[in-house]
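**Q** sequence and predicted structure below; questions after.
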2 protein chains.
Amino acid sequence: MKLYTFHRSSASFRVRIALNLKGISYEALPVHLSKDGGDQNLAAFKKINPQSLVPVLIDDAGHSMNQSLAIMEYLEEAYPEPPLLPEKALDRARVRSLALAIACEIHPLNNLRVLQYLTNELSITEDQKKAWYKHWVEQGLAYFEQRLAGDRIAGRFCHGDSPTFADCCLVPQIFNAQRFECNLSAVPSAMRIFESCMELEAFQAASPARQIDAV
Amino acid sequence: MKLYTFHRSSASFRVRIALNLKGISYEALPVHLSKDGGDQNLAAFKKINPQSLVPVLIDDAGHSMNQSLAIMEYLEEAYPEPPLLPEKALDRARVRSLALAIACEIHPLNNLRVLQYLTNELSITEDQKKAWYKHWVEQGLAYFEQRLAGDRIAGRFCHGDSPTFADCCLVPQIFNAQRFECNLSAVPSAMRIFESCMELEAFQAASPARQIDAV
């Protein structure tokens, strides 16, 4: 397997965690998102993903897949062990909805291309950009916290005592939140689970600083 | 089943289509998103979904689920016929990545609460708001078009000749694009598939104008 990835991309980070948890080895092919115009906008990469987004997973037969959650569902189906979704349909819905609460409600608003549009087209200040970032992260994580704190299904991880898609999405979002100095004191359950995740080598090895393209 | 829904909410619209395609009857419980402060922000609804978002599906045993794609995956697992995902893992990844190209890359940027933030906090003009909306819809659909146009797997629908999650996401996005007068002449394959979908009663019956809360 090959993974087009960027060390700080949280969508890539999710897939790196899932690959590591499943013990699937892969070759990392770095795409530098913030260098000059961004390597994701080069013609060579647009052939791989016209949407100019990482991650892109290439399987051993050369098939290309994108969108982090679609890739994770693929990995779950093609490499079922260890499972990253619980067994029962209702539990799976819970885990997926937690994952989507990050992937659809927080991360898309704070993507590089969105921050660039706010700066370049709407001429917002650096302070306004930081406030925008914090607003969506803090509001989104507060909701995530409320769900975890009120739910006895949350254990060492978001769903019981083994990691799932929800944890694969939570950890990169916390990394981003820390990088942008968001207030995380209001989300103790999320932070407790984050710490549990970071005790595992699968999460550690997927972290930005451990990537070959980390500077 | 009960579905908390709003006629113009495209995430609710996706789930309404999926329920109709699977022939599952449900009671619609309207939540008026744009009335005064928005019914989604009332304490009574926050008990149902603290994130103040529709849709929320309540199954016959009273279990609550949110996030449209998590609900659709649940329906697919609990009510497999007719399937809304193809059989093979790679094909399923293709369909999910098309669905997510809308659910993660277009829709979150044009959500009501985001447009409200842009207006209230960043004081953008009505014209800038329209430009923002169009930018993400037109860019996102252009990518969607590129994937469909270059792929022989696309048939009458996004994946072959029966509807999938991708179509459930595409149709509401086109409705929104039309409402905001986006340019759709550049996406002929997407529009052809949209027209195919709208020939089916399952899609028609899910459309905003056919909902009990449509004004």
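**A** Thanks, I have it.

**Q** phi, psi for residue A:177 please.
**A** phi -60, psi -40 (degrees, to the nearest 10).

**Q** relative to chain B, how far out is the closest residue to it other than its chain neighbours?
**A** Nearest non-adjacent residue to residue A:177, counting by CB to CB, 6 or more residues apart in numbering or on different chains: residue A:137, 4.9 Å away. The way it works is simple: take the backbone N, C-alpha and C, and place the C-beta from them, glycine included. From residue A:137 across to chain B, the span is 13 Å (CB to the nearest CB, to the nearest Å).

**Q** how many neighbours does residue A:137 have?
**A** By other CB atoms under 10 Å in any protein chain shown, 24 other residues sit near residue A:137.

**Q** three-state assignment of it?
**A** Look at residue A:137: counting by DSSP: H, G, I helix; E, B strand; the rest coil, its state is helix.

**Q** so is the worst-scoring helix or strand of chain A on mean pLDDT next to chain B?
**A** When each helix and strand of chain A is scored by mean pLDDT, DSSP states H and E, helix A:43-48 comes last, with a mean of 86. No. No part of helix A:43-48 sits near chain B under the criterion CB under 8 Å from any CB of the partner chain; the closest distance found is 9.6 Å.

**Q** what residues sit buried inside that helix?
**A** Across helix A:43-48, burial judged by 16 or more other CB atoms under 10 Å in any protein chain shown covers A:45, A:48.

**Q** in the very next helix or strand once past that helix, which residues are buried?
**A** The C-terminal neighbour of helix A:43-48 among helices and strands, as given by DSSP states H and E, is strand A:56-58. Judged by neighbour count (16+ other CB under 10 Å), strand A:56-58 contains these buried residues: A:56, A:57, A:58.

**Q** of those, closest to chain B?
**A** residue A:57 (8.7 Å; CB to the nearest CB).

**Q** run through the residues that contact that closest one.
**A** Residues in contact with residue A:57 (CB atoms under 8 Å, 6 or more residues apart in numbering or on different chains) are A:1, A:2, A:3, A:4, A:15, A:26, A:64, A:65, A:66, A:71, A:74.

**Q** of all the residues in the helix or strand hosting residue A:127, which ones are buried?
**A** If you go by DSSP H and E, residue A:127 is part of helix A:126-149. Of all the residues in helix A:126-149, those buried under the rule 16+ other CB under 10 Å are A:128-129, A:132-134, A:136-141, A:143-145, A:147-148.

**Q** what is the nearest of those to chain B?
**A** Nearest to chain B among the buried residues of helix A:126-149 is residue A:143, at 4.5 Å by CB to the nearest CB.

**Q** what pLDDT is listed against the nearest residue to that closest one once chain neighbours are set aside?
**A** Spatial nearest neighbour of residue A:143, excluding adjacent residues (CB to CB, 6+ apart): residue B:51 at 4.5 Å. pLDDT for residue B:51: 85.

**Q** can I assume residue B:51 is in contact with residue A:101?
**A** Yes. Counting by CB atoms under 8 Å, residue B:51 touches residue A:101, with 6.9 Å between them.

**Q** now do the shared contacts for the two.
**A** Common neighbours of residue B:51 and residue A:101, using CB under 8 Å, 6+ apart, are residue A:143.

**Q** quick one: the strands in chain A?
**A** Counting by DSSP state E, one finds strands in chain A at the ranges A:2-5, A:27-30, A:56-58, A:64-66.

**Q** including mean pLDDT, could these go into CSV?
**A** Below are the strands of chain A laid out as CSV (pLDDT from 0 to 100):
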stretch, mean pLDDT
strand A:2-5, 97
strand A:27-30, 96
strand A:56-58, 97
strand A:64-66, 96
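
**Q** just put the ones you listed in JSON lines and tack on distance to residue B:194.
**A** As requested, these are exported to JSON lines (distance: least, CB to CB, whole Å):
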{"stretch": "strand A:2-5", "distance to residue B:194": "31"}
{"stretch": "strand A:27-30", "distance to residue B:194": "35"}
{"stretch": "strand A:56-58", "distance to residue B:194": "27"}
{"stretch": "strand A:64-66", "distance to residue B:194": "22"}
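
**Q** now do stretch A:87-95, average pLDDT.
**A** Stretch A:87-95 shows a mean pLDDT of 97.

**Q** below-threshold pLDDT in chain A: ranges please.
**A** The model of chain A has no residue with pLDDT under 70.

**Q** make it 90
**A** Within chain A, the ranges that satisfy pLDDT under 90 run A:32-53, A:111-113, A:149-152, A:215.

**Q** can you pull out the helices in it?
**A** Taking DSSP state H as the test, the helices found in chain A are A:10-21, A:43-48, A:68-78, A:89-103, A:112-120, A:126-149, A:165-179, A:188-198, A:201-204.

**Q** ok, which of these comes nearest residue B:90?
**A** Nearest to residue B:90 among these is helix A:68-78 (7.1 Å), distances taken as CB to CB.

**Q** do the closest one and chain B meet?
**A** Yes. Under the criterion of CB under 8 Å from any CB, helix A:68-78 makes contact with chain B via A:69, A:70, A:71, A:73, A:74, A:77, A:78.

**Q** that older thread, what subset of the contacts of residue A:57 is buried?
**A** The neighbour count (16+ other CB under 10 Å) marks A:3, A:4, A:15, A:26, A:64, A:65, A:66, A:71, A:74 as buried among the contacts of residue A:57.
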